[in-house]
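K.L.:
Give the three-dimensional model of this entry:
(one chain, ligands or ions: 2)
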Amino acid sequence: MTPSRLSLELVPVGAVPPVLLRDTARRMEGILFRPVSVGEAILDAAPALDLVRRQYLASRLLSMLEDPAPPPGVKRIGVTNLDLFLPVFTHLYGYAQLGGTVGVVSTFRLKTEEETSVDLFPERVAKEVLHELGHTLGLVHCKAPWCAMHPSRWPEEIDLKDLAYCPSCAHVLALFR
Ligand SMILES: [Zn+2]
Ligand SMILES: [Zn+2]
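P.N.:
Ligands and ions are numbered 1, 2, ... in the order given. Down below sits the predicted model:
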């Protein structure tokens, strides 16, 4: 049996601008050197809505992204404009199964007022997709502040990261080649 290469699929969770998904897919293709597919069907996030917090439960979204499970070798990352939470966190930019198959990224808190001529927003989304993809590949948080696997609390911290893994995290990219 020949080991098969991994591939990435992006899935809209709730209404997400198609242009953002295409842009993110293009940026990820530049890193993975693999075609990145964008799911046509929008995943309805309603079952994950917490009526008291008016946020969406990230762990529930992961279960929904896994049903049905992605084809073998496919990592599936949901992208949403909705605000995510976990009981232990007020909000989060993303969440993923460590060494699993699915993750989700929220763009809800990635837009900031001081956007300059450089369009930071789509770059931030791609960095967070790369971060959550890294978790599905078994990567934990990295100490290097420029590494995509470094945790971020503010959008400005995401801007300090490269859209890349540091050399000690980048070994996972071999799985796509
Ligand atoms: Zn993380
Ligand atoms: Zn790293």
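
K.L.:
With just CA atoms, put the helix ranked longest in the chain into PDB.
P.N.:
As assigned by DSSP state H, the longest helix anywhere in the chain is helix 120-136. These are the backbone C-alpha positions of helix 120-136, laid out as PDB (Å, rounded to 0.1, in the frame of the first residue of the first chain):
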ATOM      1  CA  LEU A 120      -4.500  42.300   6.900                       C
ATOM      2  CA  PHE A 121      -7.800  40.500   7.300                       C
ATOM      3  CA  PRO A 122      -7.500  37.700   4.600                       C
ATOM      4  CA  GLU A 123      -3.900  37.200   5.700                       C
ATOM      5  CA  ARG A 124      -5.100  36.700   9.300                       C
ATOM      6  CA  VAL A 125      -7.800  34.200   8.200                       C
ATOM      7  CA  ALA A 126      -5.200  32.100   6.300                       C
ATOM      8  CA  LYS A 127      -2.800  32.200   9.200                       C
ATOM      9  CA  GLU A 128      -5.500  30.900  11.600                       C
ATOM     10  CA  VAL A 129      -6.500  28.200   9.000                       C
ATOM     11  CA  LEU A 130      -2.800  27.100   8.900                       C
ATOM     12  CA  HIS A 131      -2.800  27.100  12.700                       C
ATOM     13  CA  GLU A 132      -5.800  24.900  13.100                       C
ATOM     14  CA  LEU A 133      -4.600  22.600  10.300                       C
ATOM     15  CA  GLY A 134      -1.400  22.200  12.200                       C
ATOM     16  CA  HIS A 135      -3.400  21.000  15.200                       C
ATOM     17  CA  THR A 136      -5.100  18.300  13.100                       C
END
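
K.L.:
Convert the next helix or strand after it to PDB, retaining C-alpha atoms only.
P.N.:
Next helix or strand after helix 120-136 toward the C-terminus (DSSP states H and E): helix 155-159. Output of helix 155-159 as PDB, limited to C-alpha atoms (Å, rounded to 0.1, in the frame of the first residue of the first chain):
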ATOM      1  CA  PRO A 155      -5.400  40.100  15.900                       C
ATOM      2  CA  GLU A 156      -2.200  42.200  16.100                       C
ATOM      3  CA  GLU A 157      -0.400  39.100  17.500                       C
ATOM      4  CA  ILE A 158      -1.600  37.200  14.400                       C
ATOM      5  CA  ASP A 159       0.100  39.900  12.300                       C
END
